[in-house]
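1. Sequence and predicted structure, then a few things I'm wondering about:
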Amino acid sequence: MFRKYKLHRKLPQPALDEPYPGVSILKPLMGMDSNLAANLETFFTMSYPLYELLFCIEEEVDPAVTVVEELIKKYPKVSAKLFKGATTVGVNPKINNMHRAFEESVYELVLVSDSGIKMKEDTLLDMVCYMTDKTGLVHQMPFTCDRNGFAATLEKIYFGTAQSRIYLVADLLRVNCHTGMSTLLRKSVLKENGGLKTFGCYLAEDFFICKYFLDKGWRTTISSQPALQNSGLCDVNSFQARLTRWAKLRVAMVPLVIIFEPLSECMVIGACAAWASSVLFQWDSLAFYLIHILLWFICDWMLLTTVQV
Ligand SMILES: CCCCCCCC/C=C\CCCCCCCC(=O)N[C@@H](CO)[C@H](O)/C=C/CCCCCCCCCCCCC
Ligand SMILES: O=c1ccn([C@@H]2O[C@H](COP(=O)(O)OP(=O)(O)O[C@H]3OC[C@@H](O)[C@H](O)[C@H]3O)[C@@H](O)[C@H]2O)c(=O)[nH]1
């Protein structure tokens, strides 16, 4: 029910007499993939009246430079700037890459958007609509675009089921589950504590940025459109490596949660429940287990179709 209420909502448009807030969009880039140009182009064609694009490229020489320069030439009416070379402010390379652009950004709202993200025409508007007076940070729940191949299907099923389930519950309970691939935040609140560079000392800057907003009494929320990850690099090994990296971050930050993580998985919780039901009610544990798996798969399918719409 919550997923239906939360995702893909038609939001009331801002009142015509209220101007749309301007947004500075930070795009940290490093290297090239086959979908990069198409993904970046979607930022030039959004239906939003006031925004600037700040492309941050870590190395002076990078194939992404040409892609960005060509797009800037193709869309002269869109305000866009290219920052070449990172500034070391900490151990986090993404923060190092974005630091200069963040400092030079013009608007109060800042969108941090990873290189592989694709936008729909109304994605930015959707996020801005969730930035109410009490909200300091709006993030998109990670999901993926339709791409060909086994790895792409695996990614889609993982983000659309196992991760969405936790993400939606965490958002409902206002628990910090922020994954910083597409995040709109209030610059003035970050500036009170030195700006983005303060979080350069953390590898999981996303978790600590969200924690900072929550500690200061701001609300954080997911927007109604999930993040469309559409990187051209998509294979099982890098997916596995990424999930392992994230799990290591969670172990370091919230060790208690990681103990309970296996219990959020179908097979583990099913086995525990089957055993408990056989002890308590003398039910057939195999039948219980198989019915549990069937019902779980049906629920996952329903969740995936809702996230996908
Ligand atoms: C009896 C059942 C107890 C269930 C406990 C729930 C265990 C959580 C299970 C899975 C965790 C999945 C986390 C999803 C998003 C995290 C993605 C990620 O690792 N991102 C990192 C990199 O970008 C980022 O730095 C970390 C962000 C914060 C992670 C903290 C996750 C806490 C989730 C807590 C959810 C509580 C739900 C309670 C349900 C009863
Ligand atoms: O050295 C680097 C590495 C990465 N990046 C950029 O940082 C962004 C994220 O890249 P990652 O390889 O960390 O990709 P992930 O999907 O794992 O990141 C995600 O999870 C970890 C969080 O800390 C990130 O905020 C979140 O975006 C990309 O836009 C990438 O271009 C750099 O600018 N420099």
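-> Arrived safely. Residues are numbered from 1 along each chain as shown. Ligands and ions are numbered 1, 2, ... in the order given.
2. in the stretch 201-309 of the chain, which spans are helices?
-> With helices called from DSSP state H, counting those that start in this stretch, the stretch 201-309 of the chain shows them at 205-215, 236-253, 255-260, 266-281, 285-308.
3. Which one of these lies nearest to ligand 2?
-> The closest of these to ligand 2 is helix 205-215. By CB to the nearest ligand atom, the value is 4.3 Å. Bear in mind the C-beta positions are built from the backbone N, C-alpha and C, glycine included.
4. and the closest one, what's its mean pLDDT?
-> In this model, helix 205-215 has a mean pLDDT of 97.
5. What is that helix packed up against?
-> strand 135-139, strand 182-186, helix 187-191, strand 219-222 (3 or more CB pairs under 8 Å, 6 or more residues apart in numbering; DSSP states H and E).
6. Mind listing what's buried along it?
-> Residues of helix 205-215 classed as buried: 205-214 (neighbour count, 16 or more other CB atoms under 10 Å).
7. Next one: it, is it in contact with ligand 1?
-> Yes: residues of helix 205-215 are located near ligand 1 by CB under 6 Å from any ligand atom, namely 206-207.
8. how distant is that helix from the center of its chain?
-> Relative to the chain's own centre, helix 205-215 is displaced by 14 Å; criterion: CA atoms, centre = their mean, to the nearest Å.
9. ok so, going back, now the helices of the stretch 201-309 of the chain in TSV, with distance to ligand 2?
-> Listed next are the helices of the stretch 201-309 of the chain as TSV, based on distance: least, CB to the nearest ligand atom, whole Å:
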stretch	distance to ligand 2
helix 205-215	4
helix 236-253	5
helix 255-260	16
helix 266-281	25
helix 285-308	18
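10. mind checking which of these is nearest K120?
-> If you check each of those against K120 by CB to CB, helix 285-308 wins as the nearest, at 13.5 Å.
11. For the closest one, give me every contacting residue.
-> 3-4, 7-8, 141, 143, 156-157, 159-161, 164-165, 226, 266-267, 270-271, 273-275, 277-278 (CB atoms under 8 Å, 6 or more residues apart in numbering).
12. quick one: contacts for E121?
-> 45-47.
13. Now rank those residues by neighbours and give me the top one.
-> Highest neighbour count within the contacts of E121: M46, with 19 neighbours (other CB atoms under 10 Å).
14. give me the element that residue is part of.
-> In the assignment (DSSP states H and E), M46 maps to no helix and no strand.
15. still on that earlier bit, mind putting the helices and strands packed on helix 205-215 into a markdown table with distance to ligand 2 and mean neighbour count?
-> Shown next, in a markdown table, are the helices and strands packed on helix 205-215 (distance: least, CB to the nearest ligand atom, whole Å; neighbours: other CB atoms under 10 Å):
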| stretch | distance to ligand 2 | mean neighbour count |
| --- | --- | --- |
| strand 135-139 | 10 | 23 |
| strand 182-186 | 8 | 24 |
| helix 187-191 | 14 | 16 |
| strand 219-222 | 15 | 20 |
